[in-house]
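**Student:** Sequence first, then the predicted structure, then my questions.
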Amino acid sequence: MIKKLKIQRGIWVIVLGLISLIIHYLITLNDTNNTQFALGTAGVLFIAGSIMLLYPIIIAKKDKDGIVQLDQEKIKKEDL
């Protein structure tokens, strides 16, 4: 289901955001003041990942009955 909806990249970006948060936590344990870059990177990755996850839902098309279909391949075959 994840590959069909094309949201796998969004999941990977959120995982990278979690890794960046872990790096921020580890840097904070060492009492270093330069943790803003890691925290900012995590925030940007979380925002980008959430947009990537919502993108297929936003562009979903309704069929004649008003039902939203998220499988783009099925929509293309029916339109032909």
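**Tutor:** Good, I have the coordinates.
**Student:** Pull out the buried positions in stretch 34-49.
**Tutor:** 38, 39, 41, 42, 45, 46, 48, 49 (16 or more other C-beta atoms under 10 Å). In this view, the C-beta of every residue, glycine as well, is placed from N, C-alpha and C.
**Student:** Using the three-state scheme, assign the residue located most distally from the centre of the chain.
**Tutor:** Distance from the C-alpha centroid of the chain peaks at residue 31, with 31.3 Å (C-alpha atoms, centre = their mean). Of the three states, residue 31 takes coil according to DSSP: H, G, I helix; E, B strand; the rest coil.
**Student:** before we move on, back to that, with secondary structure, distance to residue 21 and pLDDT added, can I get the buried residues of stretch 34-49 in CSV?
**Tutor:** Formatted as CSV, the buried residues of stretch 34-49 follow (DSSP: H, G, I helix; E, B strand; the rest coil; distance: C-beta to C-beta, whole Å; pLDDT from 0 to 100):
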residue, secondary structure, distance to residue 21, pLDDT
38, helix, 8, 86
39, helix, 8, 88
41, helix, 9, 91
42, helix, 5, 91
45, helix, 9, 92
46, helix, 9, 93
48, helix, 15, 91
49, helix, 12, 90
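**Student:** between those residues, which is nearest residue 13?
**Tutor:** Among the buried residues of stretch 34-49, residue 49 lies closest to residue 13 (C-beta to C-beta), at 3.7 Å.
**Student:** wait, that closest one sits on residue 8?
**Tutor:** No - between residue 49 and residue 8 there is no contact under C-beta atoms under 8 Å: 11.0 Å.
**Student:** what helix or strand is residue 21 on?
**Tutor:** If you go by DSSP states H and E, residue 21 is part of helix 8-29.
**Student:** Can I get that helix in PDB, CA atoms only?
**Tutor:** Extracted C-alpha coordinates of helix 8-29, given in PDB (Å, rounded to 0.1, in the frame of the first residue of the first chain):
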ATOM      1  CA  GLN A   8       7.500   6.000   0.900                       C
ATOM      2  CA  ARG A   9       9.800   9.000   0.500                       C
ATOM      3  CA  GLY A  10       7.900  10.900   3.200                       C
ATOM      4  CA  ILE A  11       8.400   8.100   5.600                       C
ATOM      5  CA  TRP A  12      12.100   8.100   5.000                       C
ATOM      6  CA  VAL A  13      12.300  11.800   5.500                       C
ATOM      7  CA  ILE A  14      10.500  11.500   8.900                       C
ATOM      8  CA  VAL A  15      12.900   8.700   9.900                       C
ATOM      9  CA  LEU A  16      15.800  11.100   9.000                       C
ATOM     10  CA  GLY A  17      14.200  13.700  11.200                       C
ATOM     11  CA  LEU A  18      14.100  11.300  14.100                       C
ATOM     12  CA  ILE A  19      17.800  10.500  13.600                       C
ATOM     13  CA  SER A  20      18.500  14.200  13.600                       C
ATOM     14  CA  LEU A  21      16.600  14.600  16.900                       C
ATOM     15  CA  ILE A  22      18.700  11.800  18.400                       C
ATOM     16  CA  ILE A  23      21.800  13.500  17.200                       C
ATOM     17  CA  HIS A  24      20.500  16.700  18.900                       C
ATOM     18  CA  TYR A  25      19.900  14.900  22.100                       C
ATOM     19  CA  LEU A  26      23.400  13.300  22.100                       C
ATOM     20  CA  ILE A  27      25.100  16.700  21.400                       C
ATOM     21  CA  THR A  28      23.000  18.200  24.300                       C
ATOM     22  CA  LEU A  29      24.300  15.500  26.700                       C
END
